[in-house]
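Colleague: Using only what follows, build the 3D model:
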Amino acid sequence: MEVLLKKDIDTLGSKDEIVSVKNGFGRNYLIPKGMAILATDSVKKMHAETLKQRAHKDNQLKEEATKVFEKLSKKTIKVPAKVGENGKIFGSITNIQLADALDKAGFKIERKNITLPTGNLKTVGKFEADILFHKEVKGKISFEIVEE
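Modeller: Numbering: from 1, shown residues only. Below you'll find the predicted structure:
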């Protein structure tokens with residue numbers, strides 16, 4: 001029996017995958033629990049169309065992410081911080097402050113997609129951060145921590 005999975009199942013497959021299972025497992029467990037639906041011809045056609053539309057939309061998002069990365073890679077973002085003696089920052093710079101600085105510069109990037117080189121930064125200077133723009137578009141941007 002073939003079923004279309006609605007959820008990720010560790011031992012079976014991932015969401016939106018058509019898998020072959022034993023009849024009893026499909027009818028008595030997967031389908032009643034809402035984890036899968038029976039993969040009839042019409043369901044397979046709808047599934048193929050959904051995958052096609054999703055791939056098209058994902059391709060557009062990837063192109064937009066590439067354009068944003070190209071714009072951002074040419075700039076150096078300035079992150080203001082309160083600085084004490086010897087160029088040492090009060091507190092530290094985290095991905096939250098970098099996300100705020102990027103937002104002020106016109107780039108909306110979630111903080112969970114930003115990875116700083118050594119975790120928290122505590123000195124003034126130039127650094128690079130890894131940013132995930134899209135699942136297939138990753139890159140490094142340069143930023144500078146400056147005195148407020």
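
Colleague: list the buried ones in the host helix or strand of Arg54?
Modeller: In this structure, Arg54 sits in helix 41-73 according to DSSP states H and E. Buried residues in helix 41-73, defined by neighbour count with 16 or more other Cβ atoms under 10 Å: 47, 65, 68-69, 72. Placement of C-beta: from N, CA and C, glycine included.

Colleague: May I have the phi/psi pair for the residue of the chain most remote from its centre?
Modeller: Most distant from the centre of the chain: Glu85, at 38.1 Å, with distances by Cα atoms, centre = their mean. As for Glu85, its main-chain torsions (degrees, to the nearest 10) stand at phi -70, psi 150.

Colleague: Please apply the same query to Val146.
Modeller: Per-residue torsions, Val146: phi -120, psi 160 (degrees, to the nearest 10).

Colleague: Just give the nearest non-adjacent residue to it, would you?
Modeller: In this structure, Val146 finds its nearest non-sequential neighbour in Lys78, 5.1 Å apart by Cβ to Cβ, 6 or more residues apart in numbering.

Colleague: how near is that neighbour to Lys22?
Modeller: Per Cβ to Cβ, to the nearest Å, Lys78 is found 61 Å from Lys22.

Colleague: again, but for Asn59
Modeller: From Asn59 across to Lys22, the span is 37 Å (Cβ to Cβ).

Colleague: just Ala39 next, same as before
Modeller: 14 Å.

Colleague: Show me what counts as buried in the lowest-mean-pLDDT helix or strand in the chain.
Modeller: Within the chain, confidence by mean pLDDT, DSSP states H and E is lowest for strand 121-123 among all helices and strands, at a mean of 82. For strand 121-123, the buried set under the neighbour-count rule, 16+ other Cβ under 10 Å, comprises Leu121.

Colleague: what about the protein, any weak spots by pLDDT?
Modeller: Applying pLDDT under 70 to the chain flags residues 119-120.

Colleague: Which parts of it are helices?
Modeller: 23-25, 41-73, 95-104 (DSSP state H).

Colleague: In CSV, list the C-alpha atoms belonging to the last one.
Modeller: What that stands for is helix 95-104. Output of helix 95-104 as CSV, limited to C-alpha atoms (Å, rounded to 0.1, in the frame of the first residue of the first chain):
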residue,chain,number,x,y,z
ASN,A,95,23.6,38.4,16.9
ILE,A,96,20.7,40.4,18.3
GLN,A,97,22.6,43.7,18.0
LEU,A,98,23.9,42.7,14.5
ALA,A,99,20.3,41.9,13.4
ASP,A,100,19.2,45.3,14.7
ALA,A,101,22.0,47.1,12.8
LEU,A,102,21.1,45.1,9.6
ASP,A,103,17.5,46.1,10.0
LYS,A,104,18.4,49.8,10.3
